[in-house]
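A.B. asks: here are the coordinates; sequence isn't available:
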């Protein structure tokens, strides 16, 4: 009997790093890395907010559209340089990282983060005005890469398919 995989439709950040490039990055980063195999993608949830920002600095007004993502697993915020380019995809539901229940007000987290950033960068006297123009859930794809070192140690890394950054996954 064939197994049934539940599918889920998600909006994902456009990827720029292929599975092969993820493998090659890890090989080139560590001389002890003997073999790498990217076997699947996992999809990590973010709420991405776009705001029209207006701030008054000492001798200047500042107006821009800014974006902030809030990681829906641990509430960490990230500044996003430009409007996210996305694609809608249907993926295996078991490859989608579940959202943490305790992240209650992601928009407030994003607002606070951006307000603090603006205060530090522009040295504004009064609080900047943030007008919400976009609120989307977007999943960031990560390559899961199984690796073997020259001494036969098995390791797992995740490689960001947007930036190519990587992190070791510690399995218990």
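C.D. replies: Right, received. Where do you want to start? As the structure is a prediction and not an experimental result, all values here were calculated from the model. Numbers count the residues shown, from 1 in each chain.
A.B. asks: got the phi/psi numbers for residue 22?
C.D. replies: As for residue 22, its main-chain torsions (degrees, to the nearest 10) stand at phi -60, psi -40.
A.B. asks: quick check: mean pLDDT across the longest helix belonging to the chain?
C.D. replies: The longest helix of the chain (DSSP state H) is helix 106-122. Average pLDDT, helix 106-122: 90.
A.B. asks: who are the packing partners of that helix?
C.D. replies: For helix 106-122, the elements it packs on are strand 33-56, strand 61-71, strand 77-80, strand 129-149, judged by 3 or more Cβ pairs under 8 Å, 6 or more residues apart in numbering; DSSP states H and E. (Glycine included, C-beta is placed from N, CA and C.)
A.B. asks: which parts of it are buried?
C.D. replies: Residues of helix 106-122 classed as buried by neighbour count (16 or more other Cβ atoms under 10 Å): 106, 109-111, 113-115, 117-118, 122.
A.B. asks: and the residue nearest to residue 133 when sequence neighbours are not counted, how far is that from residue 162?
C.D. replies: In this structure, residue 133 finds its nearest non-sequential neighbour in residue 50, 5.0 Å apart by Cβ to Cβ, 6 or more residues apart in numbering. Note on residue 50: its distance to residue 162, by Cβ to Cβ, to the nearest Å, is 17 Å.
A.B. asks: same check, this time on residue 10
C.D. replies: According to Cβ to Cβ, residue 10 and residue 162 sit 15 Å apart.
A.B. asks: picking up where we left off before, what about the residue nearest to residue 133, neighbour count?
C.D. replies: Neighbour count for residue 50, taken as other Cβ atoms under 10 Å: 19.
A.B. asks: find the residue at the geometric middle of this structure.
C.D. replies: The centroid of the chain falls nearest to residue 140 when counting by Cα atoms, centre = their mean (4.7 Å).
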